[in-house]
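Colleague: how does the following fold in three dimensions:
(2 chains)
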Amino acid sequence: MTKMLEVVNLKTHFYTDKGIIPSVDGVSFTIDKGQTTAIVGESGCGKSVTSYSIMRLVDSPGKVVDGEVIFEGKDLTKISEKEMRSIRGNDISMIFQEPLSSLNPVVKIGKQLIETLILHQKLTKKMAKQRSIEMLNKVGLPRADKIYESYPHELSGGMRQRVMIAMALACSPKLLIADEPTTALDVTIQAQILKLMKGLRDDFDTSILLITHDLGVVAEIADKVIVMYSGQVVEEADVFSLFANPRHPYTKGLLNSTPHLDDEKDDLEPIKGNVPSPANRPTGCSFHPRCPHVKAICRKESPNLTSLGDSNKVRCWLYEENQEELLYAENIGR
Amino acid sequence: MELNNQAELSPYPVESSRQKENMSKKFLVLLKKLLTSKTGVVGLLIVLTVCLMALLAPIIAPYDPNKIDTANMLKPPFWLVNGDLSHILGTDNLGRDILSRLIYGSRISIIVGILSVVVGGLIGVVFGLIAGYYGGIVDSIIMRLVDSFLAIPTTLFCIVFLTVLNPGLFTLIFVIGITNWVMYASLVRSETLSIKEREYVKAAKTIGVSNFNIIFRHILPNVFSSIIVISTLSIAGTIITESSLSFLGLGIQPPAISWGIMLSEGREHLATSWWLSTFPGVAISITVLGIIFLGEWLRDVLDPRSRGTKS
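Modeller: Model (predicted):
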């Protein structure tokens, strides 16, 4: 499997009046060609900031302070703004959570669609129009030529999200970043959009980075899952082992707080407490105040992301090999 | 893919000939829309009349506007005692026909009104967009400039400039335009500040659109309706400024005619011959009102978000 994108020790900090807030705190992962990688986590865990950091669109006062984002041998954090612009929309494109606000309300759909084609593929207006209508057909919009002449407010939410997808895929990007693409849509449309994305991924051989908090969506579409908590990766696993055998207590908690049809239980088990504010993270493992398996060491030292033999990784003292020794050392020290 | 079938069944094949049809259809829709709005029709009629008057002045004016006729000085309008139909709106202190002067005067008022708004609007919109979009130090510099302009009274500014420069049509347009740009700059800046944070601007960035194109293709269309409203309102304002400057003798110089000059010339005879100043005053008011009506309607039509709603 070839690597499409490699993120190494990415750190994005926000410089606010209240001090430096490490929103993304040393995140590393890889995305393979033609695969769908999902980043899962609660609100505020830094998953969206991660995606913006990859696109280099973090707004001030945020700043990528450290780390590398390697795409086709180039470090995206170091290339010029002009080079970055030629990558955005052409090689890496993005779809957003809110299809309702992601389209310019006073510009016709067609004009917005051809913009990227003229920009990156240097097509003529006529060819760009043809290609855009083709794309609109491909994402399953009926009467594509009519939609081409419409304004965004004339379309429904699902249709607009399809337009966004058409726009994002118009230049056949190598990587598509989807930031909660289905959150604002109702379930039936959600299923259609996911199916569409899957189909397009296979057609165009596009890798997808899916940002979501919806484990149902993850199960539906992802190949690999990255669980983020408080700006860090806490678990990385392929989708089957994640659902069959979650390792990190946080992942377990997430799964337990999701309803299942075949469950006998009436009550869900929510994870107690809240995500700690990035400005005020607890010492040691940042999950320890909410963790049911908390140990003495968890409060003191942050665990490392350790490989579990296969491609799966977890950041938890429960899985550190030399855990016993550490505990022992700790007890002696006392 | 399954979903493709839906599109292939679509009963609307792509045709280029349909586009022409669309264009004429669009025009009809616009016209229909205009007719449903009463104020829009009134505004359009007034503005059209004034424009036609300005264009066709030599044809429709009954007299040469500068022809002095000592036999018929200070003749009242026809419905008053001593008035007759040869001078419908009467004559001034030199026996010049008021109606003809009004018709010729519309030329200057229209030209100054529109061009100075264009001058001020262009400068103001560009600076406002740049200040709002880039923020930071650029914004500070432009806004301090705006503040310093705001601190100078408009009339004083015009008076100073017009006395230093040669008074004339284009200096007048330029000076009035310059006093106007501040208004556009601050309006456009504040709108840009809110629009640049919208998701679709971010979306445009994610597809690699350059800053220039984001500003002019994505943000400008969104502030357009506000610009239309404020510029129609200020066309009215500039016509008034032109009149007052001409009234002060700093604008258009006689023998050129503007409504403002007529106002100022009639002032001395106001007690005995009210028609000298009243008719140009009424002409200014009606034109300004017409432009405001038209502007309001234009705003409704040009904003696609308000389309399909009743105006």
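
Colleague: give me the pLDDT for residue 290.
Modeller: Picking chain A for this. pLDDT, A:Arg290: 84.

Colleague: that's the wrong chain, I wanted chain B
Modeller: 89.

Colleague: same question for A:Cys298.
Modeller: pLDDT, A:Cys298: 81.

Colleague: so what's the residue count around it?
Modeller: 23 (other C-beta atoms under 10 Å in any protein chain shown). C-beta coordinates here come from the backbone N, C-alpha and C atoms, glycine included.

Colleague: is it true that it touches A:Gly284?
Modeller: Yes: look at A:Cys298 against A:Gly284 with C-beta atoms under 8 Å: they come within range, at 5.3 Å.

Colleague: pull out the buried positions in the top helix by length along chain B.
Modeller: Criterion DSSP state H: the longest helix present in chain B is helix B:98-134. Within helix B:98-134, the residues that qualify as buried are B:98-117, B:119-121, B:123-133, counting by 16 or more other C-beta atoms under 10 Å in any protein chain shown.

Colleague: where exactly do the strands run in the stretch 101-250 of chain A?
Modeller: A:175-179, A:207-212, A:224-229, A:232-238 (DSSP state E, counting those that start in this stretch).

Colleague: columns mean pLDDT and mean neighbour count on top of those, output as a markdown table?
Modeller: A markdown table is the format used below for the strands of the stretch 101-250 of chain A (pLDDT from 0 to 100; neighbours: other C-beta atoms under 10 Å in any protein chain shown):
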| stretch | mean pLDDT | mean neighbour count |
| --- | --- | --- |
| strand A:175-179 | 89 | 24 |
| strand A:207-212 | 90 | 25 |
| strand A:224-229 | 90 | 25 |
| strand A:232-238 | 88 | 24 |
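
Colleague: what's the closest of those to A:Asp186?
Modeller: strand A:207-212 (15.9 Å; C-beta to C-beta).

Colleague: sorry, back to before: now the common contact residues for A:Cys298 and A:Gly284.
Modeller: Residues touching both A:Cys298 and A:Gly284 by C-beta atoms under 8 Å, 6 or more residues apart in numbering or on different chains: none at all.

Colleague: out of everything not next to it in sequence, what's closest to A:Asn312?
Modeller: A:Ala237 (4.1 Å; C-beta to C-beta, 6 or more residues apart in numbering or on different chains).

Colleague: shouldn't the one you found be in contact with A:Lys224?
Modeller: Yes: between A:Ala237 and A:Lys224 there is a contact under C-beta under 8 Å: 7.4 Å.

Colleague: so which elements touch the host helix or strand of B:Ile286?
Modeller: Taking DSSP states H and E as the definition, one finds B:Ile286 inside helix B:275-302. Helices and strands touching helix B:275-302, by 3 or more C-beta pairs under 8 Å, 6 or more residues apart in numbering or on different chains; DSSP states H and E, are helix B:17-36, helix B:38-55, helix B:98-134, helix B:220-247, helix B:259-266.

Colleague: buried residues in the second one?
Modeller: Residues of helix B:38-55 classed as buried under the neighbour-count rule (16+ other C-beta under 10 Å) are B:40, B:43-44, B:46-47, B:50, B:53-54.

Colleague: closest one to chain A out of the residues you listed, please.
Modeller: B:Gly40 (20.4 Å; C-beta to the nearest C-beta).

Colleague: the residue nearest to the closest one when sequence neighbours are not counted: neighbour count?
Modeller: Excluding its sequence neighbours, the residue lying closest to B:Gly40 (C-beta to C-beta, 6+ apart) is B:Trp297, at 3.3 Å. If you count neighbours by other C-beta under 10 Å, B:Trp297 ends up with 24.

Colleague: so B:Trp297 makes contact with B:Thr39?
Modeller: Yes: using C-beta under 8 Å, B:Trp297 makes contact with B:Thr39 at a distance of 6.5 Å.

Colleague: so A:Val217 sits right up against A:Gln190, yeah?
Modeller: Yes: A:Val217 lies in contact with A:Gln190 (C-beta under 8 Å); the separation is 7.4 Å.

Colleague: which one of those two is surrounded by more residues?
Modeller: A:Val217 (23 against 20).

Colleague: now the closest residue to the more buried one other than its chain neighbours: phi and psi?
Modeller: Leaving aside its sequence neighbours, A:Val217 sits nearest to A:Thr182 (C-beta to C-beta, 6+ apart; 6.0 Å). Torsion angles at A:Thr182 (phi, psi; degrees, to the nearest 10) stand at phi -120, psi 0.

Colleague: chain A contacts on the stretch 51-200 of chain B?
Modeller: B:198-200 (C-beta under 8 Å from any C-beta of the partner chain).

Colleague: in helices, which of the residues you listed appear?
Modeller: B:199-200.

Colleague: out of the residues of the stretch 51-200 of chain B next to chain A, flag the one nearest to A:Asp66.
Modeller: B:Glu199 (28.0 Å).

Colleague: so that closest one sits against A:Phe96, correct?
Modeller: Yes: B:Glu199 lies in contact with A:Phe96 (C-beta under 8 Å); the separation is 5.8 Å.

Colleague: more neighbours: those two, which one.
Modeller: When neighbours are counted by other C-beta under 10 Å, A:Phe96 comes out ahead of the other of B:Glu199 and A:Phe96, with 27 against 16.

Colleague: would you map the helices across the stretch 101-250 of chain A?
Modeller: A:109-121, A:125-138, A:144-148, A:157-169, A:187-204, A:215-221, A:239-244, A:249-256 (DSSP state H, counting those that start in this stretch).

Colleague: tabulate these (CSV), appending mean pLDDT and distance to B:Asn222.
Modeller: Formatted as CSV, the helices of the stretch 101-250 of chain A follow (pLDDT from 0 to 100; distance: least, C-beta to C-beta, whole Å):
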stretch, mean pLDDT, distance to B:Asn222
helix A:109-121, 87, 13
helix A:125-138, 88, 22
helix A:144-148, 87, 21
helix A:157-169, 84, 17
helix A:187-204, 83, 27
helix A:215-221, 87, 32
helix A:239-244, 86, 41
helix A:249-256, 85, 40
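
Colleague: ok, the residue nearest the centre of chain A - contacts?
Modeller: Nearest to the mean C-alpha position of chain A, by C-alpha atoms, centre = their mean, lies A:Ile211 at 2.6 Å. Residues counted as contacts of A:Ile211 (C-beta under 8 Å, 6+ apart) are A:38-39, A:47-48, A:50-51, A:177-180.

Colleague: repeat that for 7 Å
Modeller: Counting by C-beta atoms under 7 Å, 6 or more residues apart in numbering or on different chains, A:Ile211 touches A:39, A:47-48, A:51, A:178-180.

Colleague: same check on B:Gly290?
Modeller: B:43, B:46-47.

Colleague: and the residue in the stretch 101-250 of chain A positioned nearest to chain B, its phi and psi?
Modeller: Among all residues of the stretch 101-250 of chain A, A:Gly140 sits closest to chain B, at 3.0 Å; criterion: C-beta to the nearest C-beta. The phi and psi values for A:Gly140, taken as degrees, to the nearest 10, are phi 80, psi 30.

Colleague: shouldn't it be in contact with A:Leu196?
Modeller: Yes: between A:Gly140 and A:Leu196 there is a contact under C-beta atoms under 7 Å: 6.2 Å.

Colleague: interface residues of the stretch 51-200 of chain A facing chain B?
Modeller: Residues of the stretch 51-200 of chain A lying close to chain B by C-beta under 7 Å from any C-beta of the partner chain are A:55, A:57, A:85-86, A:88-90, A:93-94, A:96, A:98, A:101-107, A:115-116, A:119-120, A:133, A:137-138, A:140-146, A:151, A:153, A:167, A:196, A:199.
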